[in-house]
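> Pasting the sequence and the predicted coordinates here, then a few questions.
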Amino acid sequence: ESLHSCIGLLGISAGSLLLAVHFYSSPRAAPLIPSTALGVLLLILSALLAYAGIRRSLRNASLLVSLCLTLSAFWCGYGVILVLAGQGVLAGPADSRDALVPGLATLTLALLLVAVVGFLCGEPVLALVAAAVSLASAHEVALHYSSSLGPSAVACGHLLVCLLGGYFALGRILYFLTKGKVALPGTDLAEKKAQEQSRGSAGGTNHFAAPGLLLNMLSASVFCCRILGVTHRLFLGHVPWLWAAGTYQIGICVLSYRAMDVLMATAFGFTSILQFAAGYSLLYPTWQPEEPSLPVPFLVVFSILFAVLGLFLSLRSPVDGLYLLVFVTFCIALACSPRGFFAGGPQGVAVAIFVASALVALIHLYNVRARAKIPTGKAAVKALLARSSLLKLREGPDLHTPYLGYSKYADAEVLAYACSVLASFALTAPGDPQAPLGTVVIPWVVVAGGILKLLGGSVAFARGKTLESSAFILYAVMWIIWGLTRYGGLYGTARSFHAAVGIIAFMLFNSFIVFCSLFLNMAWFFYSLTFMLIAVSFLLDAVHALPAGYDIAATLIFGLVSFYCFLAALSSSTLEGCCLPMGRPVVQLSGVGAGATKCPHLPARKASSVKRIADILRNGGTCGIPTDTVYVLVAACNRPDAVEKAHRSKRQAQDRPMSLWISSLKQLEPAKHLFTPLLWDFMEAAWPSPISLVIPRGEWVDFLGMKDSAKYVGTPQSVAIRIPDCSVTTHLIDLVGPIVVTSANPTGEADTTHHNQVYAKLGDKVDAVLCGGPSPENIASTVVDCTKIDNGNIGFFRVGIIPKSQVLQILEQVQKK
């Protein structure tokens with residue numbers, strides 16, 4: 001926490017120092033830092049700030065997150081413009097001014113909002129830094145329009161940021177040197193962290209929403225400045241602002257999924273598509289004389305998607321839901337304007353987007369930090385829905401928990417289905433598709449259907465949805481390749497055969513997905529089947545045998561099926577009970593997809609889950625649990641029936657006997673006299689650790705209450721015993737008593753390294769799974785033969801995560817003692 005805060009503030013100071021040097025030396029014929037070099041350095045610092053903002057915390061609601069991410073996005077765009085200016089792409093001072101002013105003006109207002117909230121919520125250092133950068137940006141805007149204001153004023157503003165960064169750095173150095181005895185005001189991060197935790201504002205709050213809203217201001221400002229006459233034209237110099245906003249909004253979309261906010265993540269995914277499309281439209285005239293045309297059906301559908309998302313979002317936060325209506329208006333204005341982003345209508349709506357984004361961002365910034373919240377209408381909607389018997393919001397800590405286990409991300413299927421709708425309706429655009437780049441369909445098909453669907457597939461994979469993620473990634477690759485070849489001028493007569501072969505390969509892959517979806521649900525079966533119609537239209541088009549109207553019909557059918565899946569996923573993630581059905585599996589297999597037969601998957605981070613697993617073990621169940629190495633299958637020692645069940649479920653080989661785990665040597669204290677002093681001291685020195693010790697079998701086994709279970713554990717001569725170095729596992733053993741352990745996979749197969757693999761490998765033979773995510777290690781424990789330790793010799797049945805040398809060193813130390 002301390003490190004990331006220091007990186008963030010010192011990174012801001014470093015960038016401001018570069019800009020201060022640049023503006024101080026700008027009156028000279030040869031500036032100290034050339035524009036290209038300054039641009040590259042700002043891009044590097046923007047990446048550093050993005051890292052600091054993301055890593056600052058996913059739990060603590062600090063303004064530093066908003067400050068770092070916002071400034072990182074602006075410096076990214078600023079850096080690219082400086083590189084373009086340094087390389088002569090921007091012709092003269094007038095072009096540089098028109099390119100820089102929209103971003104600088106937005107940066108001034110955005111950081112002013114952060115500064116106001118910082119002063120109101122007791123973060124003076126961050127507020128002063130934000131205010132100083134805002135002041136420097138305002139001076140730079142004034143410098144472009146008035147020669148009376150010299151660059152020294154801008155440099156002074158950036159120098160002030162450097163002084164604040166130096167003050168912060170000095171405070172941290174004193175804090176570390178004096179071990180916390182001396183702390184300058186505003187630099188004691190431990191005290192700030194305690195204040196943040198006492199406020200308790202982190203629960204259910206998306207801290208990344210405010211930076212995303214500020215980025216909507218950035219993209220809107222490009223068009224606001226044009227219609228207000230601040231800039232003279234829209235051109236290539238504005239593309240870095242728009243694409244920086246789009247790129248960062250995709251990142252904020254992922255972070256919003258990490259914050260378990262499906263609706264705002266989907267909204268940021270939608271707005272990033274608009275930013276990329278706007279940037280492409282401004283870039284297009286550089287190689288084509290005419291302005292690009294926009295696909296009208298696509299924009300109408302996009303406005304409908306925004307409206308539906310706004311409706312569901314208003315059930316959680318009416319202010320955010322109403323905010324999305326501005327984008328509905330923007331899409332309609334684009335559809336009604338033949339000139340698209342270059343027309344006055346959409347630019348007028350952009351002014352409304354700028355103002356609305358500023359107001360909603362201010363509300364989010366303040367509500368994340370303050371005790372007294374600005375009302376967003378959430379309580380009123382909640383009270384209204386409480387009276388309704390039909391509509392009930394899904395709430396609670398397990399709102400986004402997958403059926404099997406848990407995930408760090410919320411479900412992204414809503415965005416993935418929406419991208420399918422957008423990509424399919426973009427294909428219905430009229431015009432000559434053979435004209436190279438003759439339309440603006442590339443951002444709609446490639447960005448919406450490709451890049452964002454790849455994001456949805458990646459998130460689905462992180463949630464353990466193997467089939468869904470495979471389908472989304474396959475369809476995304478198909479949209480990207482087809483969009484680039486068909487509308488990129490790479491699709492000629494000579495390449496028709498090769499394109500057809502590639503499309504047939506995709507159809508074969510999709511046939512497998514169609515077959516697998518038979519076992520998932522009805523909606524997914526039709527979704528994958530109708531995409532086959534799209535692939536067939538691509539194939540017929542490649543061999544020049546496409547019937548008139550077939551491609552339009554195929555895209556409409558696939559678009560409508562995708563829209564139904566979008567509504568079903570949206571309603572199931574927001575409402576309880578009142579959901580659109582996805583249908584039952586077309587083919588039902590015993591034990592596969594049958595919800596009643598699946599064992600409970602409980603998150604290991606909850607004490608209540610460990611208690612429930614303990615109850616299942618005490619009642620004779622077998623469970624899969626995480627450890628300090630790989631996942632294992634366990635049963636209670638005092639339940640011979642459970643131990644026998646674990647033995648049968650594993651089809652245990654004679655050379656891989658089951659082992660015994662305890663939580664502390666105190667459990668063996670009554671039988672200490674049965675162990676030699678060297679063996680006891682070696683056990684004491686070696687544990688807790690991923691070292692299993694094979695020791696001679698004896699009467700000590702009876703002290704653990706094994707009864708009839710003993711015959712299934714170890715061999716007639718020896719038993720492997722261990723104390724795991726895992727707090728969850730040892731706590732479970734404290735509740736249940738000693739447990740019998742074997743690896744959570746059929747004999748001979750690879751070790752199990754994720755909780756989803758336990759049920760996949762063992763099926764109904766396991767009664768519950770304690771979910772700890774990926775294993776900390778992919779290697780099993782080291783198994784040491786201690787049957788002849790009194791002669792000074794030990795052997796190794798298996799060398800695992802702990803090397804031989806370390807075990808021998810432990811033995812040597814014990815022998816010396």
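Now that the structure is in, tell me what you want to look at. Numbers count the residues shown, from 1 in each chain.

> switch to C-alpha atoms for all contacts and neighbour counts from now on
Will do.

> For Ile451, which non-adjacent residue is spatially closest?
Spatial nearest neighbour of Ile451, excluding adjacent residues (Cα to Cα, 6 or more residues apart in numbering): Ala476 at 6.8 Å.

> Specify the local secondary structure of that neighbour.
Following DSSP: H, G, I helix; E, B strand; the rest coil, the label given to Ala476 is helix.

> Can you check the pLDDT for it?
pLDDT for Ala476: 91.

> and if you look at Leu84?
The model's pLDDT for Leu84 equals 93.

> For it, grab the count of nearby residues.
Using other Cα atoms under 10 Å, Leu84 has 20 neighbouring residues.

> likewise Ala671?
Counted with other Cα under 10 Å, Ala671 comes out at 15.

> likewise Ala153?
By other Cα under 10 Å, neighbour count at Ala153 equals 18.

> Phe425: what's it in contact with?
Contact analysis of Phe425 by Cα atoms under 8 Å, 6 or more residues apart in numbering lists Pro297, Phe298, Val301, Thr555, Leu556, Gly559.

> Greatest separation within those: which pair is it?
Across the contacts of Phe425, the longest distance by Cα to Cα is 13.0 Å; it joins Val301 and Thr555.

> okay, those two: which has more neighbours?
Taking neighbours as other Cα under 10 Å, Val301 and Thr555 compare with Thr555 leading, 24 against 21.

> Quickly find the element holding the nearest residue to that one once chain neighbours are set aside.
Of all residues not flanking Thr555 in the chain, Ser424 sits nearest, at 5.1 Å (Cα to Cα, 6+ apart). Element membership for Ser424 (DSSP states H and E) is helix 413-426.

> Would you indicate which residues of that helix are buried?
Judged by neighbour count using 16 or more other Cα atoms under 10 Å, the buried positions of helix 413-426 are 413-426.

> now that helix: how far from the chain's centre is it?
Relative to its chain's centre, helix 413-426 lies at 19 Å (Cα atoms, centre = their mean, to the nearest Å).

> which residues touch the residue nearest in space to the middle of the chain?
Nearest to the geometric centre of the chain sits Val254, at 3.8 Å (Cα atoms, centre = their mean). With contact set as Cα under 8 Å, 6+ apart, Val254 has these partners: Ala265, Leu455.

> Would you mind measuring from it to Leu455?
8 Å (Cα to Cα, to the nearest Å).

> and Val634, which of the three is it?
strand.

> Do you know the pLDDT at it?
Val634 is assigned a predicted lDDT (pLDDT) of 92.

> C-terminal to the worst-scoring helix or strand of the chain on mean pLDDT, what's the next element?
Least confident helix or strand, the chain: helix 189-199 with a mean of 56, by mean pLDDT, DSSP states H and E. Using DSSP H and E, the helix or strand that follows helix 189-199 in sequence is helix 209-227.

> Let me see the mean pLDDT of that following helix.
In this model, helix 209-227 has a mean pLDDT of 94.

> Alpha carbons of it, as PDB, please.
This file holds the C-alpha atoms of helix 209-227, laid out as PDB (Å, rounded to 0.1, in the frame of the first residue of the first chain):
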ATOM      1  CA  ALA A 209     -16.300   4.300 -12.000                       C
ATOM      2  CA  ALA A 210     -15.200   7.900 -11.500                       C
ATOM      3  CA  PRO A 211     -12.100   7.700 -13.700                       C
ATOM      4  CA  GLY A 212     -14.300   6.100 -16.400                       C
ATOM      5  CA  LEU A 213     -16.700   8.900 -16.200                       C
ATOM      6  CA  LEU A 214     -13.900  11.500 -16.400                       C
ATOM      7  CA  LEU A 215     -12.700   9.700 -19.600                       C
ATOM      8  CA  ASN A 216     -16.200  10.200 -21.100                       C
ATOM      9  CA  MET A 217     -15.600  13.900 -20.500                       C
ATOM     10  CA  LEU A 218     -12.300  13.700 -22.500                       C
ATOM     11  CA  SER A 219     -13.900  12.100 -25.600                       C
ATOM     12  CA  ALA A 220     -16.900  14.500 -25.500                       C
ATOM     13  CA  SER A 221     -14.600  17.600 -25.100                       C
ATOM     14  CA  VAL A 222     -13.100  16.900 -28.600                       C
ATOM     15  CA  PHE A 223     -16.500  17.500 -30.200                       C
ATOM     16  CA  CYS A 224     -17.600  20.200 -27.700                       C
ATOM     17  CA  CYS A 225     -14.600  22.300 -28.600                       C
ATOM     18  CA  ARG A 226     -15.500  22.000 -32.300                       C
ATOM     19  CA  ILE A 227     -19.100  23.100 -32.000                       C
END
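
> next helix or strand past it?
Next along from helix 209-227, by DSSP H and E: helix 239-258.

> Which stretches in the protein count as strands?
If DSSP state E is used as the criterion, the strands of the chain fall at 601-603, 623-625, 632-636, 659-661, 691-696, 718-722, 739-743, 768-771, 782-785, 795-798.

> Need those in CSV (columns: mean neighbour count and distance to Leu218).
CSV is the format used below for the strands of the chain (neighbours: other Cα atoms under 10 Å; distance: least, Cα to Cα, whole Å):
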stretch, mean neighbour count, distance to Leu218
strand 601-603, 23, 40
strand 623-625, 28, 48
strand 632-636, 27, 52
strand 659-661, 23, 59
strand 691-696, 24, 57
strand 718-722, 22, 59
strand 739-743, 25, 54
strand 768-771, 26, 42
strand 782-785, 20, 56
strand 795-798, 14, 59
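
> which one of those has the lowest average pLDDT?
Among those, strand 601-603 carries the lowest mean pLDDT, a mean of 83.

> hmm, back to that, what about the residue nearest to Thr555, distance to Ile625?
Ser424 is 44 Å from Ile625, by Cα to Cα.

> looking at it, Leu242 is touching Ser221, isn't it?
No - under the criterion of Cα atoms under 8 Å, Leu242 is not in contact with Ser221, lying 9.7 Å apart.

> which residues do the two both contact?
With Cα under 8 Å, 6+ apart, Leu242 and Ser221 have no common neighbours.
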